[in-house]
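J.: structure, please.
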Amino acid sequence: MNTGTNSVAIVTGASQGIGRATAIRLAKDFSAVVLVARNRDKLEDTANEVKAAGAQALVIYLNLSDIDAADIIVARTLEKFGRIDALLNIAGDVPQIDLFETSDAQWDAGMALKFHGARRLTLCAWEALKASHGSVVLTSGNSAVVPKAPYAAVGVINAAIMALAKAFSDRGIADGVQVNSVQPGPVMTGRRSAYLEKWALAHNVTVEEAMAKFLSNAEISRYGTPEEIADLLAYLVLPPARWMTGTSIRMDGGEVKAI
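T.: A predicted model of the protein is given here:
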């Protein structure tokens, strides 16, 4: 895999949170970063940060839930740069709704973006990744290990992504493509902050009290940062991690106690 003067990484969900932090982090090691997300203004902000860090930035505004999104991303990347060395599937907004209240449409929306969006993009990029002996990371979440009823879709879809990464890695051994998945825990992103604000209002407590309660329930000392997950994701697509494939790595401050 090339991470020198002619190397290209695609990052989905690059407009905010872990995706944004990862795109900026990868600008240190890749000559170009392709940024994919639905929010045009935030994506432009990420692109400016990527350029400031020394890499080229190709901005692609679209919804990965769309059936033709993957084809567009790969075609535009190859047209601009001629290669794909790394694909980091980070986009995903799954409803945090109770198992008995989640509608079929909400299940379908979560699967369409986080699961099928990543699946289709990985398939479409596969030939280019074979040519570069590249790397893929699919972002899951530690709820895959312990799915719970209050946010069942999150855990179930994350578990499916872990299995999907395993399947891709099996084919990748023969094709020379490295594939892993990552399970982040409670990371303080804008989405999590908004959820805590909503929860605090519903339970008549302050946001600070809500944050403390969730830390206590998770039995961890603090929330993670997007930059910490970004460093892990970057490591997985760089040469020192090349022999690691078919692995799911959990980074959650010790929330999940299972082996």
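J.: hey, let's count contacts and neighbours off CA atoms from now on
T.: Will do.
J.: domain map for the protein?
T.: What automatic domain parsing lists as the domains of the chain is 8-187+225-250, 188-223.
J.: single out the most deeply packed of those.
T.: Highest mean neighbour count among the domains of the chain (mean count of other C-alpha atoms under 10 Å): domain 8-187+225-250, with a mean of 21.
J.: average pLDDT across that one?
T.: Domain 8-187+225-250 shows a mean pLDDT of 97.
J.: this protein: strands as residue ranges?
T.: In the chain, the strands defined using DSSP state E lie at 8-12, 32-37, 56-61, 86-89, 135-139, 178-184, 248-251.
J.: neighbouring contacts of stretch 152-161?
T.: 94-99, 102, 107, 110-111, 114-115, 138-148, 181 (C-alpha atoms under 8 Å, 6 or more residues apart in numbering).
J.: 7 Å - rerun?
T.: The contact list for stretch 152-161, computed with C-alpha atoms under 7 Å, 6 or more residues apart in numbering, reads 94-96, 98-99, 107, 111, 115, 138, 140-141, 143-144, 147-148.
J.: tell me which of the residues you listed is nearest to Asp71?
T.: Phe115 (16.0 Å; C-alpha to C-alpha).
J.: what sits closest to the closest one if chain neighbours are left out?
T.: Nearest non-adjacent residue to Phe115, counting by C-alpha to C-alpha, 6 or more residues apart in numbering: Ile161, 6.2 Å away.
J.: got it, and Thr5?
T.: Ser31 (5.5 Å).
J.: got the contact list for that neighbour?
T.: Here Ser31 is in contact with Gly4, Thr5, Asn6, Ser7, Val8, Ala55, Gln56 (C-alpha under 7 Å, 6+ apart).
J.: I'd like the domains of the chain as CSV, with distance to Lys257 appended.
T.: Listed next are the domains of the chain as CSV, based on distance: least, C-alpha to C-alpha, whole Å:
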stretch, distance to Lys257
domain 8-187+225-250, 10
domain 188-223, 10
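J.: do you know which of those domains lies nearest Ala258?
T.: The nearest among the domains of the chain, by C-alpha to C-alpha, is domain 8-187+225-250 at 8.2 Å.
J.: which residues of the stretch 1-150 of the chain fall in helices?
T.: Assigned by DSSP state H, counting those that start in this stretch, the stretch 1-150 of the chain shows helices spanning 17-26, 40-52, 69-81, 104-110, 117-132.
J.: between these, which gets nearest to Leu236?
T.: Checking these against Leu236 by C-alpha to C-alpha gives helix 17-26 as the closest, at 11.1 Å.
J.: the residue lying farthest from the centre of the chain and Glu197: what is the separation?
T.: Distance from the C-alpha centroid of the chain peaks at Asn204, with 32.4 Å (C-alpha atoms, centre = their mean). Taking C-alpha to C-alpha, to the nearest Å as the measure, Asn204 falls 10 Å from Glu197.
J.: over to Ala69?
T.: 32 Å.
J.: likewise for Phe168?
T.: From Phe168 to Glu197 the distance is 38 Å (C-alpha to C-alpha).
J.: again with Gln56
T.: In terms of C-alpha to C-alpha, Gln56 sits 36 Å off from Glu197.
J.: Ala14 too?
T.: For Ala14, the distance to Glu197 - C-alpha to C-alpha - is 23 Å.
J.: report the contact partners of the most centrally placed residue in the chain.
T.: For the chain, the residue sitting closest to the mean C-alpha position, by C-alpha atoms, centre = their mean, is Ile90 at 1.7 Å. Residues near Ile90 by C-alpha under 7 Å, 6+ apart: Val11, Thr12, Gly13, Gly19, Leu138, Thr139.
J.: among the residues you listed, which one lies nearest to Phe81?
T.: Val11 (14.8 Å).
J.: show me what contacts that closest one?
T.: Here Val11 is in contact with Gly19, Ala23, Val34, Leu35, Val36, Leu87, Leu88, Asn89, Ile90 (criterion: C-alpha under 7 Å, 6+ apart).
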